[in-house]
Every structure is written in C-alpha cells, then in structure tokens.
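**Q** Just the structure for this:
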Amino acid sequence: MNLQRHLLLRIVIVALACLAASSTYVLYRSDRHARQITQETARSLSQQLELQLLRRNAGFGEAERFPDFSLWKQTGGQPGFCLRFVSTEKATIYSLCNGSKLSGQNIPEGFKTFYRHIFNPDFKVTRSIALNDRVYGYLTVTPNTESNIARAWDDIVSLGGLSALTVLAVCILVSLTIRRALRPAGIIVDGLDRIGQGDLVYRLPSFDLLEWQHTATAINRLTASQQQLLSERQKLAVKLMKLQEEERRALARELHDEFGQCLAAINAVTASITQTAETQCPALVEESRQIGRISQHMMDHVRGLLGRLRPVELDELGLVPSLNRLVADWNTLSGERQVRFRLEVTGDASTLTDALSVTLFRIAQECMTNIVKHAAATNASVTLVIGGASVRLTVKDDGNACTLPFSDGPGIGLLGIRERVDALRGRLTLAIAEPRGLIVTTMLPVHAEVEVQI
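**A** Coordinates of the predicted model:
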C-alpha cells in the first residue's frame, strides 16, 4: 500500500470513529431533549389544570369542564404526546393524544431495537394536580415512542450526511495535497532507476520541500562519488590492459628474437650433424633426427604462443585478419573435439582504435578458448558488426550451457571479459541459445577509450 492510500485509510478510520462518537452524543442529546420536553409539557399542563381548579373554586369556571385541555390544543401544544388524567373526585379517566407527523423515511428495525435498548424511550412523567393541599387527580404525560425514534433517526441521517460530505471533502483535499507533495518521490524513484542502470551522469532536480531537497542532494552527492570511483576504476582498468598488452608484446618479442633464434640455430646444427653422421657415424643419425623433431616441435609451440601473446596480423594487418587467423587455428587445433568456428564481419574494422581492436580480439579469443575447453560444442559462430557509434561482438555456440549465471564458477574468463568491457564503458550480456548453448554479446562504443597516462 502506498503512502497516499495509507493516509486516506487512516483519515477514514478516524472519521468513522469520530462519527460513532458524534452519533452517540447526538442520540444522547435527542433522548435528553425528549425527556426535557416531556417534563416541560407535564409542568405546563399541571399549571393549567391547577389554574382551572382555582377559577372553578372562585366561581369563574364551570365545574363540569374540568379538566379542560382545549387551551393546550389551541396554543399548539407539543405534538407526539398522550395525556392521561385520573380524577380522584369522580373516579374517571380522561385521555387525549396530540398527533405527530413522523419522518417519511423507513427506519431500520435494527436502529429501533438499538435505541430502545440503550435509551428506553417508553418513559412517562406523572404529576399530581393539587390545590390547597387537596389532590384532585394525577396527570401522566407519555411521549410518542415512534416519534422520538424518528427524530433520533433524522438527526443521525443528517449527521451522517454532513459527516460523509466532510470526510469526502477532506479526503479530496488531502489526496490532492499528498499527491502534490509526493510527486518528487516518483521523480526520485525514476532517477534511482536510471542511476541503477548505469547513468551516473543524471542528477536529481531541486525540490521545493526541504525534506525532498535534502534527499535529492544526498543522492546526487552519492551518485557523483560513484561516478568518480567508476571513472577512476575505468582508468585503472584501461591502464592495466595497456600494461598487459605491452608485457605481452615484449614477451612475444623476446620469444621471437631470443628463443626463436636459438631454436632455429639448434635446427641448423642438427641438420649439419645429421649430414655428417650419415657419412661418418650412421649410428648417430636417428638421435640427431630426434633432436630435430624435438626442436621443431618446440618451435611450433613457440609460434603458437607468439600468436596468442600478440598476433602479428593484429599489429600489421588489423583486427579482421587476426580473427580469421584465430578461427583457422582453432579449427585446426580442436582435434577430437571437432568444434567448427565460423566468422562473420560486417562493417569497416579499420575505423576502430587500437585499444578497441585489442579488446575485441581478446574477448573473442577468451570466448573461443572457453568453448573448446568447457562447452562440448560442435559448432560456434563469431559475429562482428561495426556501424554507427557502437560495435557488437557476438559469440554463440551449441554447447551444454542451459542455465545462467556462470559467476559462481572457478574460472576468471568471464570476469576478465567483463572488466575489459566495463573499462571501455560497454555492455556485456549472456543468454542461453535454443535449445542449449551460450550467447555472449558485447556492445562497445566506438569512441569510448579512456585516456590514461602510462
């Protein structure tokens, strides 16, 4: 439940509680009013009857007309009452009811039962009619119970209608106020989503309310700190990548210039020994040829290491020839695993920077190595698409991968790929192919190299 609905629910609950308390008070006042009117009516009628007795005893009235209630009816006496006078002189009973116009609404039976149980509206007021210490009769005033219940129901309906309008108006005003006050919350949530997706350049705007302004300031400060840390991390990653490539280049140069030359010299000496042994010592021919085979194997192995450390094509011809050579080498070396690689290139790779070309080559190299070692695949494709402001490299296989992620594995191949991609502000995504296999997609911006002083 959001804050707006929560507050409105609280307001409605409080309003209902206030309505219940107000209704109880209104019903209490209605009952007190009915009893007060009954008492007042009984007092007024008793005074009229005592006045009639006084006039009759003084010879100004007719004895047979006592008790006379015509004056009470003519003066518009309180409606909804029944009068009962029990005379002590003639042992007679006089009764009179003044009708009341009841409410036209249908009063619920439950309300009637509740009102009768709580307030006991079936009460009556009895007063004695006396003059000169002589009691002439007893006057009983009984209110109309239905009339009292109807008046109480009308009061409750009026109060309920007024309360409903008040609560509705308050809810509307509070809703509009809360919606306006919470509008920055939506902006902050959207901003946090953008920041969570990597848009650290985004900053939250300034807000009118002080609390939201402090929140936005704190988030912007945290985002700026994260942006600075990420920038420093990217610079460090690029610097490490460049240092790594320089080390590989230097190692490849040393292997080629020193180790390679030594192996070439050993091959030459071995060939000379073989020729001499064929004429002077045939017993050494086989050993000399064995030395030649061993040195040739070492030279082939060194040549493969040179290709992995720093392909000659990458420096001399560019990215696409290096990828072609890499695919050809893996198709030759896969042996019994029979993994067949296929390369597709779209776009002009000559527009890519050196750092971007090296990164794409290393990612393709790592993915192909993982496929040969772990995927148990039979076919794999390497697709390079260069166009616009980004370049996309996709490596797909039909191996045994069927679930994600792979972050729990012991290897560091994907971690190294992710670090290279993050260093160039790119995006790496992993997906499962149909029916199985892994799809590694790398998106790199063409002009995203971070300048680093080495």
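**Q** Quickly find the element holding Ile107.
**A** Element membership for Ile107 (DSSP states H and E) is empty, with no helix or strand holding it.
**Q** what's the burial count for it?
**A** Around Ile107 there are 18 other residues, counting by other C-beta atoms under 10 Å. Backbone N, C-alpha and C define where each C-beta goes, glycine included.
**Q** okay, now the residue lying closest to it once chain neighbours are set aside: neighbour count?
**A** Using C-beta to C-beta, 6 or more residues apart in numbering and skipping the chain neighbours, the partner closest in space to Ile107 is Trp153 (4.8 Å). Using other C-beta under 10 Å, Trp153 has 21 neighbouring residues.
**Q** what about Trp153, which SS state?
**A** Trp153 carries the three-state label helix when classified by DSSP: H, G, I helix; E, B strand; the rest coil.
**Q** what about the stretch 301-450 of the chain, any weak spots by pLDDT?
**A** Residue ranges of the stretch 301-450 of the chain with pLDDT under 70: 307-308, 310-313, 315, 334-337, 405-413, 447-450.
**Q** now with 90?
**A** Within the stretch 301-450 of the chain, the segments meeting pLDDT under 90 span 301-340, 347-362, 365-378, 387-390, 398-430, 432-437, 444-450.
**Q** Quick check: Val12 touching Ala164?
**A** No - using C-beta atoms under 8 Å, Val12 is not in contact with Ala164; the gap is 10.7 Å.
**Q** In contact with the residue nearest the centre of the chain, which residues?
**A** Centroid check for the chain by C-alpha atoms, centre = their mean gives Val189 as the closest residue, at 8.6 Å. Taking C-beta atoms under 8 Å, 6 or more residues apart in numbering, we find Val189 in contact with no residue.
**Q** measure the nearest residue to Val12 once chain neighbours are set aside to Asp122 for me?
**A** Counting by C-beta to C-beta, 6+ apart, Val12 lies nearest to Val167, which is 6.6 Å off, once chain neighbours are set aside. From Val167 across to Asp122, the span is 35 Å (C-beta to C-beta, to the nearest Å).
**Q** And these two? Which one has more around it.
**A** More crowded of Val167 and Asp122, by other C-beta under 10 Å: Val167, with 18 against 10.
**Q** A helix includes the more buried one, no?
**A** Yes - the assignment for Val167 is a helix, going by three-state DSSP.
**Q** per-residue confidence for it?
**A** Per-residue pLDDT puts Val167 at 81.
**Q** so Ile195, which of the three states?
**A** Assignment for Ile195 (three-state DSSP): helix.
**Q** who's in contact with it?
**A** Shown in contact with Ile195 (C-beta under 8 Å, 6+ apart): 202, 219, 223, 226.
**Q** Doesn't the first one lie inside a strand?
**A** No - Tyr202 is assigned coil when assessed by three-state DSSP, not a strand.
**Q** surely the residue nearest to Val12 meets Val14?
**A** No - using C-beta under 8 Å, Val167 is not in contact with Val14, being 9.3 Å away.
**Q** thinking again about what came up before, would you quantify the distance from the residue nearest to Ile107 to Val167?
**A** 21 Å.
**Q** go on, Gly387?
**A** 62 Å.
**Q** Now do the helices in the stretch 1-150 of the chain.
**A** Under the criterion DSSP state H, counting those that start in this stretch, the stretch 1-150 of the chain contains helices at 3-57, 70-74, 109-119, 145-196.
**Q** Actually, the stretch 351-454 of the chain.
**A** Using DSSP H, counting those that start in this stretch, helices in the stretch 351-454 of the chain cover 354-370, 413-423.
**Q** Comparing those helices, which comes out most buried?
**A** Among those, ranked by average contacts under mean count of other C-beta atoms under 10 Å, first place goes to helix 354-370 (a mean of 21).
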